[in-house]
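**Q** Mind folding the following:
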Amino acid sequence: MSSGVGIKQVAWFDCPGSGQVVVDGNFAYLGHMEAPYGTMIVDVADPKNPKKVAEVEIPRGVHSHKVRAANGLMVVNREHHGKPAEGQKPGPGGILIYDVSNPRQPKEITHWRCDGSGVHRFTFDGRYAYISPEVEGYVGNIVMILDLADPAHPKEVGRWWLPGQWRAGGETASWRGRAHRCHHPIRRGDRLYVSYWHGGVIILDISDMAKPKMVSQIDWSPPFPWPTHSAVPLERTLNGRRYMLVADEDVMPMDPEMAPEMSAFIWMVDITDEKHPMPVGSYQVPGVEGKRNPQMTGCHQPIETITGTEVPVAWFAQGMRLLDLSNPHAIKEIGSWMPDPAPGETRVCSNDIYQDSRGLIYLCDRVRGLSILERA
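**A** Now for the predicted structure:
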């Protein structure tokens, strides 16, 4: 069901619930939420008739819910999740790298391993992977850059952490536990825009990848209770100024009583002076405010390459929301799409979103299914 600007469903593809969808060439790559389903590759050359062409399975006790594909490589995460099979230990975390020069026959190249729970979200540009691993001696995930020029032998190029995380180095945090940790690094030029969970957004200068340096940090948690999920810089300026779109995630509030009548929403931040980021606008789906909602009602994830002013966003229980950013001080919704809930569910759980070069929008549900959409 759509509203506002015409959005129509091109196809619905039945598959296990997914944490991420990306498209490279004529193929969509889906990272699934629950074992034994790991990564699925789907031929979308004819978007009206998507067809599964390959699948990678995983053991219980881990999930592989994030995936990137570029330059003939597929990179997926491994993160501890749920209980392993009886009598077994969870497999090692990290990232797995596959040769997908033929996407119908993915071939594992190597498993880069790390400590703790593994790697959560990451990006990959065909050469470098910008990842969020747990590393021995640190509390919570940190920022790491891996060089995959030789994909069989990934090399760490550089790392960065928020001072206070390196316990083995004698640092002491001012926060509790893993509240401040790397969630999602996104590169643009010589900058990394890093969501840092309850640590807000951190802009890193990576002109020297071996020595990332913090340019600035902006953190609104508290007073707002939710963790920061993604920080996506706009590719173009608006009225001569630079902006980034920042999504808070409607999960794991710092304190549910801080704002019980609110769900997480999206922010517009002016980064013209990148040393002093400044929030200038926000948006929430109508009807959500003024009542206590269950978690995963509000915001989750926008597309991660924003070339224009119309931006599709995955909004958990609110489906896909198409936002107009042309006035950064007054974000407005111009269209939406609400899929049907997965069988047995009472509401949708739109988890991730991607827009390909054809303008097609791919919206995956955390429980089941992939919607392929287009402007009517």
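
**Q** drop to CA atoms for contacts and neighbour counts, all remaining ones
**A** Fine.

**Q** Look up how far G118 lies from the closest residue to E171 other than its chain neighbours.
**A** Excluding the flanking residues, the one nearest E171 by CA to CA, 6 or more residues apart in numbering is G164, at 4.8 Å. Going from G164 to G118 by CA to CA, to the nearest Å gives 20 Å.

**Q** The two: who's more crowded?
**A** Neighbour count, other CA atoms under 10 Å: between G164 and G118, G118 has more, with 24 against 16.

**Q** Which strand residues bridge the more buried one?
**A** E79 (DSSP bridges).

**Q** Also Q9?
**A** Beta-bridge partners, per DSSP bridges, of Q9: L373.

**Q** quick one: it from V44, how far?
**A** Distance, Q9 to V44, by CA to CA: 14 Å.

**Q** Likewise for C364?
**A** Remark: distance between C364 and V44 (CA to CA) = 14 Å.

**Q** More neighbours: the two, which one.
**A** C364 (33 against 18).

**Q** give me the element that one is part of.
**A** Element membership for C364, per DSSP states H and E: strand 361-365.

**Q** Tell me how far that strand lies from the chain's centre.
**A** Centroid separation for strand 361-365 versus its chain: 13 Å, with CA atoms, centre = their mean, to the nearest Å.

**Q** Which residues outside that strand are in contact with it?
**A** Residues outside strand 361-365 that contact it (CA atoms under 8 Å, 6 or more residues apart in numbering) are 17-21, 312, 314, 320, 348-355, 370-374.

**Q** Could you tell me which of the residues you listed belong to strands?
**A** Judged by DSSP state E, the contacts of strand 361-365 include 18-21, 312, 314, 320, 350-355, 370-374 as members of strands.

**Q** one step back: would you enumerate the residues in contact with the residue nearest to E171?
**A** Counting by CA under 8 Å, 6+ apart, G164 has contacts 171-174.

**Q** Now do the residue lying closest to A231 once chain neighbours are set aside against P286, distance only.
**A** Take A231 and drop its neighbours on the chain: the residue closest to it by CA to CA, 6+ apart is V246, 4.4 Å away. Separation of V246 from P286 (CA to CA): 19 Å.

**Q** neighbour count winner among these two?
**A** A count of neighbours by other CA under 10 Å puts V246 above the other of V246 and P286, at 26 against 8.

**Q** beta partners for the more buried one?
**A** Under DSSP bridges, the residues paired with V246 across the bridge are A231, W267.

**Q** all strands of the stretch 151-300 of the chain, in order?
**A** 155-160, 180-188, 191-197, 201-205, 213-218, 228-233, 243-248, 266-270, 278-283 (DSSP state E, counting those that start in this stretch).

**Q** Among those, show me which one is buried the most.
**A** With neighbours defined as mean count of other CA atoms under 10 Å, the strands of the stretch 151-300 of the chain peak in mean count at strand 228-233, which reaches a mean of 28.

**Q** Would you check the distance separating that strand from the middle of the chain?
**A** Worked out by CA atoms, centre = their mean, strand 228-233 lies 8 Å from the chain centre.

**Q** start the count at 692, not 1, going forward
**A** Taking 692 as the first residue, the last one we looked at is strand 919-924.

**Q** Mind checking the pLDDT average for it?
**A** For strand 919-924, mean pLDDT is 98.

**Q** For that strand, give me every contacting residue.
**A** The set of residues external to strand 919-924 that reach it, using CA under 8 Å, 6+ apart, is 874-875, 877, 879, 884-892, 933-940, 991-993, 995-997.

**Q** rerun at 6 Å
**A** With CA atoms under 6 Å, 6 or more residues apart in numbering as the test, strand 919-924 has contacts from 884, 886, 888, 891, 934-940, 995.
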